[in-house]
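*Asks:* Sequence plus the predicted model coming up.
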Amino acid sequence: MTEMTGTRGEPGIPPEARILVMAAVEAERDAALRGLDGDSRFEVRLCGVGPASAAARTAAALAGGEDWTLVVSAGIAGGYPERAPVGTLAVGAASIAADLGVETAEGFVSVDELGFGTSVLAADASLAEALLQALNKAGLVAVAGPIVTASTATGTASTAAVREARVPGAVAEGMEGYGVAVAASDADKPFIELRAISNAVGPRDRDAWRIGDALAALSAAFAILKEVEL
Ligand SMILES: O=C(O)c1cccc(C(=O)CC[C@H]2O[C@@H](n3cnc4c(=O)[nH]cnc43)[C@H](O)[C@@H]2O)c1
């Protein structure tokens with residue numbers, strides 16, 4: 001369990017903590033900053049879209065000489081509607097690269113099965129649980145579960161079904177979480193993923209995306225995160 005009590009033993013994020021938040025695009029970064037309202041324990045940086053850029057930029061940030069306490073991947077996401085409808089929040093239990101592997105005549109084989117590493121990176125369980133409880137206590141609708149990372153956002157019902165079968169119980173899909181998690185894991189830093197649901201995972205319908213609502217939910221979640229008793 002990650003120790004996040006303050007120097008005098010009080011609960012909450014210690015004043016000296018340094019929390020690195022990686023957001024793909026400026027609108028997500030700005031939403032996080034609005035919720036954080038100048039909290040100097042947090043730094044929000046852009047990681048670009050997709051797991052490769054996210055991993056590279058997070059690794060660069062972690063190698064920059066600061067002693068980071070926690071790494072957070074944050075942004076909007078597609079939600080699996082029966083578990084995380086549009087407007088809700090998803091807290092990752094694990095970030096899973098659902099398309100990392102090889103296709104064979106018999107079907108998809110993950111890197112795990114190939115023996116080439118892991119496509120599943122667990123979040124810090126105690127921090128994720130504390131955040132989930134705090135969000136729900138504050139009246140925000142949040143669920144926890146595996147969050148899919150994909151280099152290609154799902155755009156059809158069949159891809160949604162395939163990925164859901166690979167990641168049973170998946171609550172959401174983003175494009176950066178696993179990449180940020182790889183860098184955090186390599187640097188031996190605790191990691192969590194926080195997503196606000198802007199659209200349903202499934203057939204692409206850009207007009208139905210509720211980006212403004214999701215960004216508002218993301219801001220609200222960061223206002224809670226900075227006060228959470230971790
Ligand atoms: O157009 C805008 O105003 C705008 C504002 C903020 C963010 C965006 C994005 O398009 C962000 C892309 C980002 O969102 C994640 N995302 C959202 N939905 C999905 C999805 O269904 N499957 C996978 N990823 C999704 C993803 O992490 C992208 O980086 C636009």
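*Replies:* Perfect, thanks for sending it.
*Asks:* For this structure, which residue gets nearest to the ligand?
*Replies:* Gly78 (2.3 Å; C-beta to the nearest ligand atom). Where C-beta positions appear, they are placed from N, C-alpha and C, glycine not excepted.
*Asks:* what number of residues lie near the closest residue to that residue other than its chain neighbours?
*Replies:* Of all residues not flanking Gly78 in the chain, Val201 sits nearest, at 3.9 Å (C-beta to C-beta, 6 or more residues apart in numbering). Other residues near Val201 come to 26 when the count uses other C-beta atoms under 10 Å.
*Asks:* ok, now Arg41?
*Replies:* Arg41, neighbours per other C-beta under 10 Å, totals 15.
*Asks:* now swap in Ala165 and tell me
*Replies:* 12.
*Asks:* where's it, which helix or strand?
*Replies:* helix 157-166 (DSSP states H and E).
*Asks:* So that helix, near the ligand or not?
*Replies:* No. Residues of helix 157-166 are not located near the ligand by C-beta under 6 Å from any ligand atom, the shortest gap being 9.1 Å.
*Asks:* what comes into contact with stretch 30-50?
*Replies:* By C-beta atoms under 8 Å, 6 or more residues apart in numbering, the list of residues contacting stretch 30-50 from outside reads 13, 15-26, 29, 53-54, 57-58, 61, 73-74, 151, 175-176, 179-180, 196, 215-216, 218-226.
*Asks:* can you give me the strands in the chain?
*Replies:* Secondary structure of the chain (DSSP state E): strands located at 19-23, 42-46, 70-79, 89-97, 101-104, 107-110, 120-122, 142-149, 172-174, 191-200.
*Asks:* Point out the other helices and strands that the fifth one packs with.
*Replies:* Contacts of strand 101-104 with other secondary structure elements, assessed using 3 or more C-beta pairs under 8 Å, 6 or more residues apart in numbering; DSSP states H and E, are made with strand 107-110, helix 111-114.
*Asks:* Now render these as CSV, adding distance to the ligand, mean pLDDT and mean neighbour count.
*Replies:* What follows is the helices and strands packed on strand 101-104, written out as CSV (distance: least, C-beta to the nearest ligand atom, whole Å; pLDDT from 0 to 100; neighbours: other C-beta atoms under 10 Å):
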stretch, distance to the ligand, mean pLDDT, mean neighbour count
strand 107-110, 18, 97, 14
helix 111-114, 20, 98, 13
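*Asks:* Let's have the ones you listed in a markdown table, adding distance to Leu140.
*Replies:* Converted to a markdown table, these look like this (distance: least, C-beta to C-beta, whole Å):
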| stretch | distance to Leu140 |
| --- | --- |
| strand 107-110 | 33 |
| helix 111-114 | 33 |
